[in-house]
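Q: okay, here's the prediction I keep looking at, along with the sequence it came from:
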Amino acid sequence: MKIKKGDNVIIISGKDRGKTGKVSRVFPKRSMLLIENANIRKRHQKPRKAGAKGQILSIATPLHASNVMVVDSKTGKRTRVGMKMVDGKKVRIAKKSGMTI
């Protein structure tokens, strides 16, 4: 998977299409990403103790990696990710601008 934790991404499909955010967690086996303030779901929680109140929680749920693209730091637009050898190390680059990610 070419998207890593900490990358700025834009959502390209789904109900949150067009939103940008930072990747907070990656699930590589499932090809899923958790993005801050995106794909929010409501979860109803029952009271844990007698006399306590129940609540509705807003929880960010994972998105599939195919539904997001990395945001190019130079242009601010979405871009594909490529690989390049620099000083004997593999580095991720933005295909549009050629800058390292």
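A: Cool, the structure landed. Numbering: from 1, shown residues only.
Q: next, count neighbours for the residue nearest to residue 53 when sequence neighbours are not counted.
A: With sequence-adjacent residues excluded and distances taken as C-beta to C-beta, 6 or more residues apart in numbering, residue 53 is closest to residue 47, at 5.9 Å. The way it works is simple: take the backbone N, C-alpha and C, and place the C-beta from them, glycine included. Neighbour count of residue 47, defined by other C-beta atoms under 10 Å: 10.
Q: now residue 47: phi and psi?
A: Reported as degrees, to the nearest 10, the phi and psi values for residue 47 are phi -70, psi 140.
Q: that one and residue 56, how far apart?
A: 12 Å (C-beta to C-beta, to the nearest Å).
Q: show the subsequent helix or strand relative to the helix or strand containing residue 59.
A: Element membership for residue 59 (DSSP states H and E) is strand 55-60. Toward the C-terminus, strand 55-60 is succeeded by strand 63-64 as the next helix or strand (DSSP H and E).
Q: ok, residues contacting that following strand?
A: Here strand 63-64 makes contact (C-beta atoms under 8 Å, 6 or more residues apart in numbering) with 11, 14, 31, 32, 33, 34, 35, 38, 39.
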